[in-house]
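In: my questions are about this predicted structure, shown below with the sequence.
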Amino acid sequence: MFRPEIKVLDCTIRDGGLINNYHFTDDFVKAVWRTCCDAHVDIVELGKKLAVSEEYTREKYGKWNFCDDDDLKRVIESHECENPPLVAVMFDIGRVDLTCLQPADQSPFDMVRTACYVGDIEKGVDLAKRSKDLGYLTTINIMASSAAMRTELIEGLEEINKAPEIDYLYLVDSFGAFYSEQVTDYLNLYKKYAPDKALGFHAHNNQQLAFSNTQQAIIDGVNLLDATINGIGRGAGNCNLELLLNFLKNPKFDVRPIYKVIQESFVPLRREIEWGFNDIYGISGHLNQHPRAAMKCRADKNRDNCHDFLLKSMQPD
(Lines give C-alpha, C1' and ligand atoms only; values in the text may rest on other atoms or scores of the structure.)
Protein backbone atom coordinates (compact mmCIF):
# COMPACT_ATOMS: atom_id res chain seq x y z
CA MET A 1 0.00 0.00 0.00
CA PHE A 2 1.97 3.03 -1.21
CA ARG A 3 0.46 6.49 -1.23
CA PRO A 4 3.10 9.20 -0.80
CA GLU A 5 0.72 11.75 0.73
CA ILE A 6 0.08 9.52 3.76
CA LYS A 7 1.68 10.80 6.96
CA VAL A 8 2.24 8.84 10.15
CA LEU A 9 1.95 10.31 13.65
CA ASP A 10 3.53 8.45 16.53
CA CYS A 11 1.66 8.99 19.82
CA THR A 12 3.64 6.50 21.92
CA ILE A 13 4.39 8.88 24.77
CA ARG A 14 1.02 10.66 24.82
CA ASP A 15 -1.24 7.60 24.62
CA GLY A 16 1.19 5.30 26.42
CA GLY A 17 1.39 7.81 29.23
CA LEU A 18 -2.24 7.13 30.05
CA ILE A 19 -1.06 3.81 31.53
CA ASN A 20 1.47 5.16 34.02
CA ASN A 21 0.44 8.81 34.57
CA TYR A 22 3.20 9.92 32.19
CA HIS A 23 6.00 8.80 34.47
CA PHE A 24 8.29 7.76 31.65
CA THR A 25 11.96 8.36 32.30
CA ASP A 26 13.78 10.95 30.23
CA ASP A 27 15.91 8.18 28.75
CA PHE A 28 12.82 6.29 27.59
CA VAL A 29 11.30 9.38 25.94
CA LYS A 30 14.62 10.18 24.29
CA ALA A 31 14.80 6.62 22.98
CA VAL A 32 11.32 6.96 21.44
CA TRP A 33 12.26 10.29 19.87
CA ARG A 34 15.51 8.90 18.47
CA THR A 35 13.67 5.91 17.07
CA CYS A 36 11.03 8.02 15.35
CA CYS A 37 13.73 10.24 13.87
CA ASP A 38 15.68 7.27 12.53
CA ALA A 39 12.50 5.59 11.24
CA HIS A 40 11.52 8.85 9.45
CA VAL A 41 8.11 9.13 11.10
CA ASP A 42 6.40 12.38 10.10
CA ILE A 43 5.05 13.63 13.45
CA VAL A 44 5.76 12.67 17.07
CA GLU A 45 3.34 13.53 19.87
CA LEU A 46 5.37 13.83 23.06
CA GLY A 47 2.55 14.24 25.56
CA LYS A 48 -0.19 16.55 26.75
CA LYS A 49 -0.01 20.26 27.48
CA LEU A 50 -2.04 20.55 30.68
CA ALA A 51 -1.95 23.51 33.01
CA VAL A 52 -0.28 22.80 36.34
CA SER A 53 -2.69 23.22 39.26
CA GLU A 54 -3.22 21.99 42.79
CA GLU A 55 -5.18 19.09 41.29
CA TYR A 56 -2.81 18.41 38.38
CA THR A 57 0.75 18.36 39.68
CA ARG A 58 3.89 17.23 37.91
CA GLU A 59 4.72 14.94 40.79
CA LYS A 60 1.43 13.04 40.55
CA TYR A 61 0.73 13.20 36.83
CA GLY A 62 4.24 13.19 35.36
CA LYS A 63 6.14 15.76 33.33
CA TRP A 64 4.86 14.48 29.95
CA ASN A 65 1.35 15.48 30.97
CA PHE A 66 2.57 19.09 30.87
CA CYS A 67 5.28 19.15 28.17
CA ASP A 68 7.17 22.16 29.43
CA ASP A 69 9.25 23.74 26.68
CA ASP A 70 12.53 22.98 28.45
CA ASP A 71 11.63 19.29 28.82
CA LEU A 72 10.71 19.08 25.14
CA LYS A 73 13.91 20.82 24.08
CA ARG A 74 16.06 18.38 26.07
CA VAL A 75 14.45 15.47 24.25
CA ILE A 76 14.54 17.03 20.79
CA GLU A 77 18.16 18.16 21.15
CA SER A 78 19.28 14.76 22.44
CA HIS A 79 19.48 13.33 18.91
CA GLU A 80 20.82 14.97 15.78
CA CYS A 81 18.53 14.46 12.81
CA GLU A 82 18.79 16.06 9.38
CA ASN A 83 15.00 16.16 8.86
CA PRO A 84 13.42 15.66 12.28
CA PRO A 85 9.72 14.89 12.67
CA LEU A 86 7.29 17.61 13.56
CA VAL A 87 6.49 17.66 17.29
CA ALA A 88 2.90 17.59 18.54
CA VAL A 89 1.23 18.02 21.91
CA MET A 90 -2.38 17.43 22.90
CA PHE A 91 -4.80 19.83 24.57
CA ASP A 92 -7.68 18.70 26.77
CA ILE A 93 -10.69 20.99 26.98
CA GLY A 94 -10.74 22.93 30.24
CA ARG A 95 -7.21 21.98 31.29
CA VAL A 96 -5.12 24.36 29.18
CA ASP A 97 -3.57 27.71 30.03
CA LEU A 98 -3.10 29.43 26.68
CA THR A 99 -1.58 32.50 28.31
CA CYS A 100 1.63 30.50 28.68
CA LEU A 101 1.68 29.33 25.06
CA GLN A 102 4.44 30.84 22.94
CA PRO A 103 4.05 31.59 19.22
CA ALA A 104 4.96 28.56 17.13
CA ASP A 105 8.19 30.12 15.83
CA GLN A 106 9.40 30.41 19.44
CA SER A 107 8.18 26.98 20.52
CA PRO A 108 9.74 23.50 20.45
CA PHE A 109 6.53 21.98 19.10
CA ASP A 110 4.73 22.48 15.80
CA MET A 111 1.27 20.96 16.13
CA VAL A 112 -1.54 21.27 18.68
CA ARG A 113 -4.06 18.45 18.78
CA THR A 114 -7.27 19.34 20.58
CA ALA A 115 -9.24 16.42 22.05
CA CYS A 116 -12.90 16.99 22.75
CA TYR A 117 -16.20 15.16 23.04
CA VAL A 118 -19.11 16.03 20.77
CA GLY A 119 -20.69 18.23 23.43
CA ASP A 120 -17.51 20.33 23.64
CA ILE A 121 -16.80 20.79 19.94
CA GLU A 122 -17.49 24.52 20.12
CA LYS A 123 -14.83 24.85 22.83
CA GLY A 124 -12.50 22.63 20.82
CA VAL A 125 -12.88 24.80 17.73
CA ASP A 126 -12.11 27.88 19.82
CA LEU A 127 -8.92 26.28 21.16
CA ALA A 128 -7.87 25.25 17.67
CA LYS A 129 -8.48 28.76 16.35
CA ARG A 130 -6.41 30.30 19.11
CA SER A 131 -3.62 27.79 18.46
CA LYS A 132 -3.68 28.57 14.73
CA ASP A 133 -3.47 32.29 15.51
CA LEU A 134 -0.13 31.50 17.16
CA GLY A 135 1.07 29.66 14.06
CA TYR A 136 0.57 25.99 14.98
CA LEU A 137 -0.74 23.19 12.84
CA THR A 138 -4.04 22.10 14.35
CA THR A 139 -6.26 19.05 14.67
CA ILE A 140 -9.62 18.35 16.26
CA ASN A 141 -9.87 14.82 17.66
CA ILE A 142 -13.51 14.00 18.35
CA MET A 143 -13.55 11.49 21.20
CA ALA A 144 -16.06 8.66 21.62
CA SER A 145 -17.88 9.36 18.37
CA SER A 146 -19.29 5.83 18.52
CA ALA A 147 -21.29 6.80 21.63
CA ALA A 148 -22.53 10.16 20.35
CA MET A 149 -25.98 11.00 19.03
CA ARG A 150 -25.58 11.16 15.26
CA THR A 151 -27.56 14.38 14.93
CA GLU A 152 -25.28 16.08 17.47
CA LEU A 153 -22.19 14.69 15.75
CA ILE A 154 -23.38 16.07 12.40
CA GLU A 155 -23.91 19.51 13.95
CA GLY A 156 -20.38 19.36 15.35
CA LEU A 157 -18.91 18.33 12.00
CA GLU A 158 -20.64 21.24 10.29
CA GLU A 159 -19.22 23.60 12.92
CA ILE A 160 -15.70 22.23 12.36
CA ASN A 161 -16.03 22.58 8.60
CA LYS A 162 -16.69 26.31 9.01
CA ALA A 163 -13.30 26.79 10.73
CA PRO A 164 -10.45 27.13 8.21
CA GLU A 165 -8.05 27.23 11.16
CA ILE A 166 -8.45 23.46 11.66
CA ASP A 167 -6.00 21.51 9.50
CA TYR A 168 -7.08 17.95 10.32
CA LEU A 169 -10.27 16.36 11.60
CA TYR A 170 -9.82 13.05 13.41
CA LEU A 171 -12.09 10.06 13.64
CA VAL A 172 -11.18 8.44 16.96
CA ASP A 173 -12.27 4.93 17.90
CA SER A 174 -12.00 5.71 21.60
CA PHE A 175 -13.59 2.48 22.82
CA GLY A 176 -12.08 0.14 20.23
CA ALA A 177 -15.65 -0.67 19.20
CA PHE A 178 -15.50 -0.16 15.44
CA TYR A 179 -15.51 -2.82 12.76
CA SER A 180 -14.28 -1.91 9.28
CA GLU A 181 -17.81 -1.20 8.05
CA GLN A 182 -18.29 1.36 10.81
CA VAL A 183 -14.98 3.02 10.03
CA THR A 184 -16.22 3.53 6.47
CA ASP A 185 -19.65 4.68 7.64
CA TYR A 186 -18.28 7.30 10.02
CA LEU A 187 -15.66 8.51 7.57
CA ASN A 188 -18.37 8.95 4.94
CA LEU A 189 -20.28 11.01 7.49
CA TYR A 190 -17.20 13.12 8.20
CA LYS A 191 -16.59 13.66 4.50
CA LYS A 192 -20.23 14.60 3.88
CA TYR A 193 -20.56 17.16 6.67
CA ALA A 194 -16.96 18.39 6.87
CA PRO A 195 -15.92 18.11 3.21
CA ASP A 196 -13.21 20.76 3.45
CA LYS A 197 -11.18 18.94 6.11
CA ALA A 198 -8.25 16.57 5.69
CA LEU A 199 -8.91 13.50 7.81
CA GLY A 200 -6.97 11.60 10.46
CA PHE A 201 -7.69 8.30 12.19
CA HIS A 202 -6.83 7.04 15.67
CA ALA A 203 -7.61 3.41 16.55
CA HIS A 204 -7.76 1.39 19.76
CA ASN A 205 -7.18 -2.34 19.88
CA ASN A 206 -9.91 -3.64 22.19
CA GLN A 207 -11.10 -6.14 19.57
CA GLN A 208 -7.69 -6.63 17.91
CA LEU A 209 -8.82 -4.47 15.00
CA ALA A 210 -6.68 -1.34 15.40
CA PHE A 211 -4.35 -2.29 12.56
CA SER A 212 -7.04 -3.55 10.19
CA ASN A 213 -9.28 -0.56 10.93
CA THR A 214 -6.36 1.74 10.15
CA GLN A 215 -5.97 -0.10 6.85
CA GLN A 216 -9.65 0.51 6.19
CA ALA A 217 -9.21 4.21 6.94
CA ILE A 218 -6.43 4.31 4.34
CA ILE A 219 -8.73 2.68 1.79
CA ASP A 220 -11.34 5.33 2.64
CA GLY A 221 -8.89 8.15 1.90
CA VAL A 222 -7.45 9.11 5.30
CA ASN A 223 -3.93 10.51 5.02
CA LEU A 224 -2.91 11.12 8.65
CA LEU A 225 -2.59 7.94 10.70
CA ASP A 226 -1.87 7.47 14.40
CA ALA A 227 0.14 4.56 15.74
CA THR A 228 2.37 3.68 18.70
CA ILE A 229 5.50 1.62 19.12
CA ASN A 230 4.58 -1.96 20.07
CA GLY A 231 0.94 -0.80 20.23
CA ILE A 232 1.43 0.81 23.64
CA GLY A 233 -1.55 2.85 24.83
CA ARG A 234 -4.43 3.10 27.25
CA GLY A 235 -6.00 -0.27 27.97
CA ALA A 236 -5.80 -2.48 24.91
CA GLY A 237 -3.46 -0.05 23.21
CA ASN A 238 -3.29 1.26 19.67
CA CYS A 239 -2.32 0.39 16.12
CA ASN A 240 1.26 -0.90 16.10
CA LEU A 241 3.64 1.54 14.43
CA GLU A 242 5.92 -1.25 13.22
CA LEU A 243 3.05 -3.05 11.49
CA LEU A 244 1.75 0.14 9.90
CA LEU A 245 5.11 1.17 8.45
CA ASN A 246 5.62 -2.29 7.01
CA PHE A 247 2.17 -2.11 5.40
CA LEU A 248 2.60 1.33 3.85
CA LYS A 249 5.49 0.24 1.62
CA ASN A 250 6.87 3.79 1.60
CA PRO A 251 10.66 3.57 1.06
CA LYS A 252 11.26 6.60 3.28
CA PHE A 253 10.25 4.64 6.38
CA ASP A 254 12.79 2.40 8.11
CA VAL A 255 11.25 -0.09 10.54
CA ARG A 256 14.55 -1.44 11.88
CA PRO A 257 15.00 1.22 14.61
CA ILE A 258 11.51 0.46 15.88
CA TYR A 259 12.19 -3.21 16.43
CA LYS A 260 15.47 -2.26 18.09
CA VAL A 261 13.80 0.00 20.65
CA ILE A 262 11.09 -2.62 21.24
CA GLN A 263 13.75 -5.15 22.10
CA GLU A 264 15.79 -2.79 24.25
CA SER A 265 13.15 -0.64 25.97
CA PHE A 266 9.61 -1.94 25.49
CA VAL A 267 10.15 -5.59 26.38
CA PRO A 268 11.55 -4.55 29.81
CA LEU A 269 8.72 -2.01 30.25
CA ARG A 270 6.12 -4.76 29.80
CA ARG A 271 7.37 -6.28 33.05
CA GLU A 272 6.27 -3.09 34.84
CA ILE A 273 3.04 -2.02 33.10
CA GLU A 274 0.44 -3.80 30.99
CA TRP A 275 -1.00 -2.91 27.62
CA GLY A 276 -2.51 -4.79 24.70
CA PHE A 277 -5.46 -7.04 24.01
CA ASN A 278 -7.02 -9.37 26.55
CA ASP A 279 -10.54 -10.69 26.98
CA ILE A 280 -11.52 -7.96 29.44
CA TYR A 281 -10.75 -5.24 26.91
CA GLY A 282 -12.38 -7.30 24.18
CA ILE A 283 -15.63 -7.25 26.12
CA SER A 284 -15.54 -3.48 26.68
CA GLY A 285 -14.87 -2.93 22.98
CA HIS A 286 -17.66 -5.24 21.87
CA LEU A 287 -20.10 -3.46 24.18
CA ASN A 288 -18.90 0.00 23.02
CA GLN A 289 -18.06 1.01 26.58
CA HIS A 290 -15.41 3.31 27.96
CA PRO A 291 -12.42 1.18 29.04
CA ARG A 292 -12.26 2.65 32.55
CA ALA A 293 -14.17 -0.33 34.02
CA ALA A 294 -11.96 -2.77 32.14
CA MET A 295 -8.82 -1.02 33.36
CA LYS A 296 -10.14 -1.13 36.93
CA CYS A 297 -10.79 -4.85 36.53
CA ARG A 298 -7.25 -5.46 35.23
CA ALA A 299 -5.89 -3.77 38.36
CA ASP A 300 -7.91 -6.08 40.62
CA LYS A 301 -6.94 -9.49 42.01
CA ASN A 302 -9.71 -11.00 39.86
CA ARG A 303 -8.25 -9.41 36.73
CA ASP A 304 -8.83 -12.48 34.53
CA ASN A 305 -12.46 -13.19 35.50
CA CYS A 306 -13.79 -12.38 32.05
CA HIS A 307 -17.14 -14.13 32.52
CA ASP A 308 -17.87 -12.17 35.68
CA PHE A 309 -16.83 -8.96 33.94
CA LEU A 310 -19.10 -9.70 30.98
CA LEU A 311 -22.17 -10.28 33.17
CA LYS A 312 -21.51 -7.12 35.17
CA SER A 313 -20.92 -5.07 32.01
CA MET A 314 -24.21 -6.24 30.50
CA GLN A 315 -26.25 -5.07 33.47
CA PRO A 316 -28.25 -1.87 32.81
CA ASP A 317 -26.90 1.29 34.41
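Out: Structure received. Here the structure is a predicted model, which means the values were calculated and not measured.

In: tell me where the model's unsure across the protein.
Out: 1 (pLDDT under 70).

In: strands along the stretch 101-250 of the chain, start to end?
Out: Secondary structure of the stretch 101-250 of the chain (DSSP state E, counting those that start in this stretch): strands at 111-117, 137-143, 168-172, 198-202, 224-227.

In: take those and write them to JSON lines, including mean neighbour count and distance to Asn188.
Out: Heads up, the C-betas are built off the backbone N, CA and C, glycines and all. Below are the strands of the stretch 101-250 of the chain laid out as JSON lines (neighbours: other Cβ atoms under 10 Å; distance: least, Cβ to Cβ, whole Å):
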{"stretch": "strand 111-117", "mean neighbour count": "23", "distance to Asn188": "21"}
{"stretch": "strand 137-143", "mean neighbour count": "24", "distance to Asn188": "15"}
{"stretch": "strand 168-172", "mean neighbour count": "22", "distance to Asn188": "11"}
{"stretch": "strand 198-202", "mean neighbour count": "23", "distance to Asn188": "11"}
{"stretch": "strand 224-227", "mean neighbour count": "26", "distance to Asn188": "18"}
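
In: including distance to Lys73, could those go into a markdown table?
Out: Listed next are these as a markdown table, based on distance: least, Cβ to Cβ, whole Å:
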| stretch | distance to Lys73 |
| --- | --- |
| strand 111-117 | 16 |
| strand 137-143 | 19 |
| strand 168-172 | 25 |
| strand 198-202 | 26 |
| strand 224-227 | 24 |
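
In: of all the ones you listed, which one comes closest to Asp254?
Out: strand 224-227 (14.9 Å; Cβ to Cβ).

In: can you list contacts of the closest one?
Out: By Cβ atoms under 8 Å, 6 or more residues apart in numbering, the residues outside strand 224-227 that reach it are 6-11, 15, 139, 168, 170, 198-203, 214, 217-218, 238-241, 243-244.

In: partner strands of that strand, with direction?
Out: strand 7-10 (parallel), strand 198-202 (parallel) (DSSP bridges).

In: enumerate every residue touching Thr114.
Out: So Thr114 contacts 90-91, 93, 124, 127-128, 131, 138-141 (Cβ under 8 Å, 6+ apart).

In: change it to 6 Å
Out: 91, 124, 127-128, 140 (Cβ atoms under 6 Å, 6 or more residues apart in numbering).

In: can you tell me which of the residues you listed are buried?
Out: 91, 124, 127-128, 140 (16 or more other Cβ atoms under 10 Å).

In: residues in contact with Asp97?
Out: Asp97 is in contact with Ala51, counting by Cβ under 6 Å, 6+ apart.

In: try the one 10 residues further on
Out: Residues in contact with Ser107 (Cβ under 6 Å, 6+ apart): none are found.

In: separation between it and Ser313?
Out: 43 Å (Cβ to Cβ, to the nearest Å).

In: ok, residues contacting stretch 262-275?
Out: For stretch 262-275, the external contacting residues (Cβ under 6 Å, 6+ apart) are 19-20, 28, 31, 230, 232, 237.
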